[in-house]
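**Student:** Next input, structure requested:
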Amino acid sequence: MTYEEYAALPGTNATSIKAGVVSMLHMRQAMTGKSKDETPALRWGRLVHKAVLEPETYGVTVSVWEGGRRFGKAYDSFVDEAGGKEWIVKADENATLLEMIAAVHGNTDAHRLIATSEHEKTVLWEGGKARVDMLGANNEWFADLKTTARIDGFGRQFFNLGYDIQFGHYCTGTGAERAYAIVLESAAPFDCVVYRIPDHIIDRGKEQAIEIARHYHVCELCGTFPGIGNGESMLDLPVPAWITGDKEWTPNETEASNGTLA
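**Tutor:** Okay, here's the model as predicted:
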């Protein structure tokens with residue numbers, strides 16, 4: 001099943017559930033709005049998944065453009081021969097992807113999870129759906145490939161980006177007993193680690209995902225999808241990292257001032 005076919009299926013997915021953490025209005029947009037426009041980040045993520053999860057077909061699927069800037073008759077002809085722009089990469093991008101492949105498959109645990117699983121597996125259940133990166137035999141476990149700027153900061157990223165809720169949602173649909181994250185640095189030295197996600201974190205994420213889905217169903221019945229708040233609210237600023245004692249904070253770090261990850 002292609003991603004486009006999956007996206008057209010009814011049901012709440014992890015993206016919409018995470019939007020529901022913000023508000024039912026945001027979840028409504030995620031459920032009914034148009035799909036995200038193609039961005040360099042989305043394109044790159046798709047390439048990384050193709051390279052790492054399917055290295056045996058990467059060289060056949062991807063075409064490497066070595067002709068400099070991507071325009072002109074020569075490039076147009078190259079695109080035609082490649083069957084479109086989707087799987088065209090520049091030489092430096094190809095070199096990076098090959099390093100990522102080597103880093104992940106050089107990790108024995110990561111290689112084992114990839115080699116013993118189905119990839120990009122669509123899972124459907126009443127009211128919900130998921131597209132899981134890796135699903136083990138008999139749905140006993142699943143794993144997701146995540147990239148990160150700094151591997152020692154992935155713990156914060158896991159919760160800041162709602163991965164706990166995403167993994168809980170996946171567990172609801174798959175019935176899996178174990179969940180893993182293959183975490184790969186997005187730049188050299190491309191360190192790679194496999195994390196087993198603790199059961200109590202999965203259980204908490206599952207409860208949150210189920211509650212958000214139930215809340216959304218009530219909103220559908222009522223025909224009302226409230227935003228973050230009504231009337232006046234007091235602005236609540238994030239606590240600066242130097243107060244919390246975050247050892248990774250520096251005066252120039254963007255996330256210390258706005259509460260987001262780069």
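
**Student:** Tell me the buried residues in stretch 138-145?
**Tutor:** Neighbour-count burial for stretch 138-145 flags Asn139, Trp141, Phe142, Ala143, Asp144, Leu145 (criterion: 16 or more other Cβ atoms under 10 Å). Where you see a C-beta, it was placed from the backbone N, CA and C, and this is true even at glycine.

**Student:** Over to stretch 178-186?
**Tutor:** In stretch 178-186, counting by 16+ other Cβ under 10 Å, buried: Ala179, Tyr180, Ala181, Ile182, Val183, Leu184, Glu185, Ser186.

**Student:** farthest-separated two in those?
**Tutor:** Distances among those were taken as Cβ to Cβ; the most separated pair is Ala179 and Ser186, at 21.8 Å.

**Student:** which helix is the longest one in this structure?
**Tutor:** If each helix of the chain is counted by residues according to DSSP state H, the longest one is helix 199-222.

**Student:** for that helix, packing partners?
**Tutor:** For helix 199-222, the packing partners by 3 or more Cβ pairs under 8 Å, 6 or more residues apart in numbering; DSSP states H and E come out as helix 14-22, helix 24-32, helix 163-174.

**Student:** Show residues contacting the last one.
**Tutor:** Among residues not part of helix 163-174, those counted as contacts by Cβ atoms under 8 Å, 6 or more residues apart in numbering are 12-14, 17-18, 21, 123-125, 128-130, 132, 135, 139, 142, 144, 146, 157-158, 176, 179, 181, 197, 201-210, 212.

**Student:** Using PDB, write down the CA coordinates of it.
**Tutor:** Once non-C-alpha atoms are left out, helix 163-174 reads as follows in PDB (Å, rounded to 0.1, in the frame of the first residue of the first chain):
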ATOM      1  CA  TYR A 163       6.900  10.200  20.400                       C
ATOM      2  CA  ASP A 164       5.500   8.700  23.600                       C
ATOM      3  CA  ILE A 165       2.000   9.200  22.400                       C
ATOM      4  CA  GLN A 166       2.900   8.000  18.900                       C
ATOM      5  CA  PHE A 167       4.400   4.800  20.200                       C
ATOM      6  CA  GLY A 168       1.400   4.300  22.500                       C
ATOM      7  CA  HIS A 169      -1.000   4.700  19.500                       C
ATOM      8  CA  TYR A 170       1.100   2.200  17.600                       C
ATOM      9  CA  CYS A 171       0.900  -0.300  20.500                       C
ATOM     10  CA  THR A 172      -2.900   0.100  20.600                       C
ATOM     11  CA  GLY A 173      -3.200  -0.900  16.900                       C
ATOM     12  CA  THR A 174      -0.500  -3.600  16.700                       C
END
